[in-house]
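**Student:** A predicted structure for the sequence below; I have some questions about it.
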Amino acid sequence: MPLLEVDNLKTWFHTRNGVVRAVDGVSFSVEKGQTVGIVGESGSGKSVTCYSLLGLIPMPPGRIEGGRAMFDGQDLLKLSEKQLAAIRGKRISMIFQDPMTSLNPFLRISTQLTEPLRIHEGLSKSNALEKAIAEMDAVGIPDPAKRIHSYPHEFSGGMRQRVMIAMAMITRPEILIADEPTTALDVTIQRQVLDLIKTRQEELGSAVIFITHDLAVVSEVCDFVNVMYAGRLVERAPVRDLFADPRHAYTRALQASIPALQTKGEKLYTIPGRPPDLRKEIAGCAFAPRCETETRDQCLTDRRPELTEITPGHWVQDCPGCLGPLKK
Amino acid sequence: MLRYLASRIFQGFLVLFALYTITFFLVKAMPGDPFTGEKNIPEDVKRNMREQSGLNDPLFVQYLNYPKEVLLKGSFNYSIKKRRPVVEIIAQAFPASFVLGISALIFAVMLAIPIGVISALRKNSWVDYSGMAIAMVGICVPSFVIGPLLQIGIATRVPILKIAGWDSPIDIVLPAITLGLATAAYLARLTRGGMLEILSQDYIRTARAKGLSTGRIMIVHALRGGLIPSVAFIGPAFATLISGSFIVESIFQVPGMGQHFVNAIVDRDEFLVLGLALFYGFLVVIMNLVADLLVGFLNPRVRIAELDG
């Protein structure tokens, strides 16, 4: 049985300008200790998917319209705020994109780092502090016994992200949700942070849900990848299959956009157009307007494409237009 | 820290000197002099009286004489009309205004901070709308309307409350409410705005993701940052409250400083006007400094800047 099983999750935002179907029927699962990637452009709904699981969607305007998220026999989407709070930061924790704004500038690191231990495990102040210093040491912050009494602004971006990781891992969560944890960092620091997440994950045996738009990162850290477009999954496969045999036109286009895989000196490939307006209900294939296959005129218009399993574990949307060969 | 304080105190002196200069020339620009109203006094007697108060000296000499007296002798001169030292007049009237002002501030803070915090927490709910509607009324309705309304509506019905007067501690209640209401209204809106700003920050989302309760998020994570605009406002507002309100003190017969502000100008009582203006300016400067130090205490990033500067 998977550790977390998300089934047909729908999160819509009821705004003044209409209903935005940010997440519209997403299913995926996470096994114990596994790293699962959710990949997609900005606005594809990858962050909203994860925020929905922990009840972090601002409601209103957000609303979970349907679906299930089974975690240890409980449906996360049906839990009361109090029950959810006992899981958040204890069994499922989260780190965020921008470490510069995700730590409270008014509070010392010690206060923020010991908080999860104090509220979830009821540790005394001195015990929590001791554990927090050990955790800071584990994430590679030098001189932790002294630095723990600093304020966030006294740390660099990379160090702050280390503090965020320490804060998320300090309760030994079963799942860590990492929402673009390296996007806001320098390229040199990105590698260190990725390695750190990997190390801590292995030490604690946690599963990681890795949200990113960077396929290169996915190929390095993930075991399984979900590709998201316009609020739905277009393809999901073990990482090896996805990179060896990408089927959906969007996945192939994303891969073609990785600069390192392109011929030197040539103009960088970009996917034409922009993601669709999610306020309008999309009747057929959402990717059709940007699709660059030879068969693009066969894209579905009368029904929404469904995920189908083509080889064991490799699922792709059954839109005939998006599965054809790319135009040269 | 000491260097910062020293530079702030020096700045305060400059501000007070600028205030003195403006007030001095404004007073001189007013038509007439302190003796204009006294019809029965012969012209040559008036001239003698002017001479005695130094009002016949050239303008520039007068402009320099006053600060010299203040700085060298600590003398703020005499009230020309009341024939008493300015310091004595302020010392006599200030306690009542101070007590009234501090009560008004306590009332405003106790009322406004909870309303602002709850309004921010329940944004766009009926609690928020009614809280902010009352705050709007508090800002719009002047104290000369609220004062009489309280006198008629409450003082006539509650036996222990008097319509006006300043004898027992309970007499503070109605004027303090009247005086504090406008401050409370501003403060409620500032607190709501400050809290909303903070509650939309990423680190509040982090706090929620850590599984903290709403109460703990508000108290530990949001309040410090959310109250900064309010604290910055309370400083100067406090100076205004304790320096006396002519309207409120007149309505409730409080023997405070408010009457002097108005009468001194009507009488063209130059030295009293200057003394009062400088006293009020002094309070504003001090309270601003206190407010800034408090903001530094609340916000560690400001604290560092102050220490370095």
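**Tutor:** Cool, the structure landed. Numbering: from 1, shown residues only, chains lettered A, B, ... in the order given.
**Student:** In contact with A:Asn104, which residues?
**Tutor:** Residues counted as contacts of A:Asn104 (Cβ atoms under 8 Å, 6 or more residues apart in numbering or on different chains) are A:Gln112, A:Pro152, B:Tyr203, B:Thr206, B:Ala207, B:His221. Heads up, the C-betas are built off the backbone N, CA and C, glycines and all.
**Student:** Now intersect the residues you listed with the helices, please.
**Tutor:** Within those, residues falling in helices by DSSP state H are A:Gln112, B:Tyr203, B:Thr206, B:Ala207.
**Student:** tell me, how many neighbours does the residue nearest to the third one when sequence neighbours are not counted end up with?
**Tutor:** If I follow you right, that is B:Thr206. Among residues not flanking B:Thr206 along the chain, A:Ser102 sits closest, at 4.8 Å (Cβ to Cβ, 6 or more residues apart in numbering or on different chains). Residue neighbour count, defined by other Cβ atoms under 10 Å in any protein chain shown, stands at 26 for A:Ser102.
**Student:** can you check the one 5 residues further on too?
**Tutor:** Summarising burial for A:Leu107: neighbours were counted as other Cβ under 10 Å, giving 20.
**Student:** Let me know whether A:Gln34 touches A:Ser206 as I believe.
**Tutor:** No. At 9.7 Å, A:Gln34 does not count as touching A:Ser206 under the criterion of Cβ atoms under 8 Å.
**Student:** which one of those two has more residues nearby?
**Tutor:** A:Ser206 (24 against 19).
**Student:** How much space separates the residue lying closest to that one once chain neighbours are set aside from A:Ser93?
**Tutor:** In this structure, A:Ser206 finds its nearest non-sequential neighbour in A:Leu176, 5.2 Å apart by Cβ to Cβ, 6+ apart. In this view, A:Leu176 and A:Ser93 are 6 Å apart by Cβ to Cβ, to the nearest Å.
**Student:** Which neighbours do the two have in common?
**Tutor:** A:Ala168, A:Met169.
**Student:** ok, those two, which is more surrounded?
**Tutor:** A:Ser93 (28 against 23).
**Student:** which SS class is that one?
**Tutor:** Here A:Ser93 is strand, with the state taken from DSSP: H, G, I helix; E, B strand; the rest coil.
**Student:** How about it: what's its closest non-neighbour residue?
**Tutor:** A:Ser93 sits nearest to A:Ala168 (Cβ to Cβ, 6+ apart), 3.8 Å away.
**Student:** Report how many residues lie close to that neighbour.
**Tutor:** 28.
**Student:** what mean pLDDT would you report for the helix or strand harbouring it?
**Tutor:** Counting by DSSP states H and E, the element that carries A:Ala168 is helix A:157-169. Rounded to a whole number, the mean pLDDT of helix A:157-169 is 88.
**Student:** So what touches whichever helix or strand comes after that helix?
**Tutor:** Toward the C-terminal end, the helix or strand that comes next after helix A:157-169 (DSSP H and E) is strand A:175-179. Contacts with strand A:175-179, where a contact means Cβ under 8 Å, 6+ apart, come from A:3-4, A:30, A:47, A:50, A:53-54, A:71, A:91-97, A:168-169, A:197, A:201, A:206-211.
**Student:** how about 7 Å then?
**Tutor:** A:3-4, A:30, A:47, A:50, A:92-97, A:168-169, A:197, A:201, A:206-211 (Cβ atoms under 7 Å, 6 or more residues apart in numbering or on different chains).
**Student:** Tell me which of those fall in strands.
**Tutor:** Those of the contacts of strand A:175-179 mapping onto strands are A:Leu4, A:Val30, A:Ile92, A:Ser93, A:Met94, A:Ile95, A:Ala207, A:Val208, A:Ile209, A:Phe210, A:Ile211, per DSSP state E.
**Student:** mind putting those in TSV, distance to B:Leu199 included?
**Tutor:** Output for these, formatted as TSV (distance: Cβ to Cβ, whole Å):
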residue	distance to B:Leu199
A:Leu4	29
A:Val30	31
A:Ile92	23
A:Ser93	21
A:Met94	18
A:Ile95	21
A:Ala207	31
A:Val208	29
A:Ile209	26
A:Phe210	28
A:Ile211	24
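**Student:** In the residues you listed, find the pair that's most separated.
**Tutor:** A:Leu4 and A:Ile95 (17.0 Å; Cβ to Cβ).
**Student:** More neighbours: those two, which one.
**Tutor:** Legend: neighbour count by other Cβ under 10 Å for A:Leu4 and A:Ile95, higher for A:Ile95 (25 against 22).
**Student:** you'd agree the more buried one is up against A:Ile165?
**Tutor:** Yes. Contact criterion Cβ atoms under 7 Å: A:Ile95 and A:Ile165 qualify, at 5.8 Å.
**Student:** And the most centrally placed residue in chain B, its phi and psi?
**Tutor:** Computing the C-alpha centroid of chain B and ranking residues by Cα atoms, centre = their mean puts B:Thr240 first, at 0.9 Å. Backbone torsions of B:Thr240, given as degrees, to the nearest 10, read phi -70, psi -40.
**Student:** In chain A, which residue sits furthest out from the middle?
**Tutor:** Chain A, farthest from centre, Cα atoms, centre = their mean: A:Ser126 at 34.1 Å.
**Student:** Where does the prediction get shaky in the chain?
**Tutor:** As the question left the chain open, I've gone with chain A. A:328 (pLDDT under 70).
**Student:** To clarify, I was referring to chain B.
**Tutor:** For chain B (pLDDT under 70), the answer is B:37-39, B:303-309.
**Student:** Would you mind listing what in it touches chain A?
**Tutor:** B:201-203, B:205-206, B:208-213, B:221, B:224-225, B:299-301 (Cβ under 7 Å from any Cβ of the partner chain).
**Student:** Mind doing that once more with 8 Å?
**Tutor:** B:201-203, B:205-213, B:216, B:220-221, B:224-225, B:298-301, B:304 (Cβ under 8 Å from any Cβ of the partner chain).
**Student:** SS state for the closest residue to chain A within the stretch 1-150 of chain B?
**Tutor:** Closest residue of the stretch 1-150 of chain B to chain A, Cβ to the nearest Cβ: B:Asn124 (8.8 Å). What three-state DSSP gives for B:Asn124 is coil.
**Student:** who's in contact with residue 246?
**Tutor:** This is for chain A. So A:Pro246 contacts A:Glu235, A:Arg252, A:Gln255 (Cβ under 8 Å, 6+ apart).
**Student:** Correction: the question concerned chain B.
**Tutor:** B:Gly258, B:Gln259, B:Phe261, B:Val262 are the contacts of B:Phe246 under Cβ under 8 Å, 6+ apart.
**Student:** Please enumerate the helices of the stretch 101-250 of chain B.
**Tutor:** B:126-140, B:143-150, B:173-199, B:202-209, B:214-216, B:223-226, B:228-242, B:246-251 (DSSP state H, counting those that start in this stretch).
**Student:** Now the residue of the stretch 201-328 of chain A found nearest chain B. Nearest residue, chain neighbours left out?
**Tutor:** Residue of the stretch 201-328 of chain A nearest chain B, by Cβ to the nearest Cβ: A:Ile209 (13.0 Å). Nearest residue to A:Ile209, sequence neighbours excluded (Cβ to Cβ, 6+ apart): A:Ile177, at 4.7 Å.
**Student:** B:Leu196 too?
**Tutor:** B:Ala120 is the one closest to B:Leu196 (Cβ to Cβ, 6+ apart), at 4.8 Å.
**Student:** Would you mind pulling the contact partners of stretch B:48-56?
**Tutor:** B:Asp33, B:Pro34, B:Phe35, B:Ile41, B:Arg47, B:Gln62, B:Asn65, B:Tyr78, B:Ile80, B:Glu270, B:Phe271.
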